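Colleague: structure, please.
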Amino acid sequence: LGGAIIVEPNPLYLKEPVYADVVTGFQTNGRGYNSNFELGKGGDNLSYFISGNYMKIGDRHSPDYMLTNTGKEESSLGLGFRYRIEKFDVKAYYSLIDQNLALLRASFPHSANAIRQSFSSNRPDSSYILPFSYEINEANQLTQHHLVKGEAKWMYSDHGNLTLKAGKQLNKRQEFSVRRNSNKPIIDLDLITNDIQLEWNHPHKYELDGAIGVQYFYQDNDNNPGTGVTPLIPNYNTGRYSAFIIETKRIREHILELGA
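Modeller: Just a heads-up that it's a prediction; the model follows:
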């Protein structure tokens with residue numbers, strides 16, 4: 001939700017036999033179940049993987065009563081490939097996460113008097129305690145994350161290479177509350193993140209081993225109209241340019257490293 005970027009996804013090893021993994025689980029509180037799988041293979045020059053996950057949890061419960069509207073439904077998909085030929089190595093990734101998260105109905109009292117009663121009571125009002133259900137109603141949050149990432153490496157010598165990494169992520173978030181127009185979100189945000197980095201691992205020179213790089217990072221946060229309320233988070237843009245250098249020198253059994 002804060003625009004986090006996946007830095008190191010599946011490494012996509014070459015010369016790896018076909019592998020497949022399936023995992024499933026169940027939890028008693030919420031009668032939740034989940035399943036995920038991953039399938040992949042690494043050849044001499046080409047490697048790939050595909051993975052997926054699905055999770056569904058119903059209303060949780062305390063020792064004495066149901067916590068109505070506390071379920072969750074989530075699905076995800078990930079895939080990637082790698083191709084290496086001579087001095088070039090290319091990787092590409094895509095991932096999708098889609099989630100519908102319920103918020104405890106009893107935590108949204110309808111009046112000031114109801115708030116006072118909630119603080120003085122040992123359990124929620126009985127009208128907020130319903131039989132178990134997998135259904136998700138207001139209040140809830142809908143979130144969706146798309147990530148596309150690419151990496152290209154040019155290994156022009158035994159100890160020198162140039163690497164370009166680029167990623168783009170779209171985060172969509174909608175929050176629905178208990179109100180008259182409950183079908184309209186009170187928060188409707190799109191956050192787009194772009195991240196580009198160029199890094200040079202230079203050949204050994206003057207007995208120095210190091211890397212030099214530059215990076216550009218940009219985020220654009222937009223509120224979609226139509227919520228009927230003042231946005232909780234304002235529209236904003238963030239741009240950042242960065243550069244770095246790290247050098248290492250070995251002196252007998254000691255290592256000296258300096259970076260800026």
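
Colleague: now Phe108, nearest residue through space, not along the chain?
Modeller: Leaving aside its chain neighbours, Phe108 sits nearest to Val178 (4.6 Å; criterion: CB to CB, 6 or more residues apart in numbering). Yep, even glycine has a C-beta here, placed from its N, CA and C like the rest.

Colleague: how much space is there between the one you found and Thr227?
Modeller: Look at Val178 and Thr227: by CB to CB, to the nearest Å, they are 15 Å apart.

Colleague: who has more neighbours out of the two?
Modeller: Using other CB atoms under 10 Å, the more surrounded residue of Val178 and Thr227 is Thr227, with 18 against 15.

Colleague: what about Ile246, helix or strand, and which?
Modeller: Element membership for Ile246, per DSSP states H and E: strand 236-251.

Colleague: identify the residues contacting that strand?
Modeller: 207-221, 255-260 (CB atoms under 8 Å, 6 or more residues apart in numbering).

Colleague: before we move on, what about stretch 215-226?
Modeller: By CB under 8 Å, 6+ apart, the list of residues contacting stretch 215-226 from outside reads 3, 184, 187-198, 231, 233-244.

Colleague: who's in contact with the lowest-mean-pLDDT helix or strand in the chain?
Modeller: The weakest-scoring helix or strand in the chain, judged by mean pLDDT, DSSP states H and E, is helix 112-120 (a mean of 84). Residues outside helix 112-120 that contact it (CB under 8 Å, 6+ apart): 106, 109, 124-125.

Colleague: show me those residues that map onto helices.
Modeller: Of these, none are assigned to helices by DSSP state H.

Colleague: and those residues, which of them are buried?
Modeller: Buried subset of these (neighbour count, 16 or more other CB atoms under 10 Å): 106, 109, 124.

Colleague: please name the nearest non-neighbouring residue to the last one.
Modeller: Taking CB to CB, 6+ apart as the measure, Pro124 lies nearest to Ala106, with 3.5 Å between them; neighbours along the chain are not counted.
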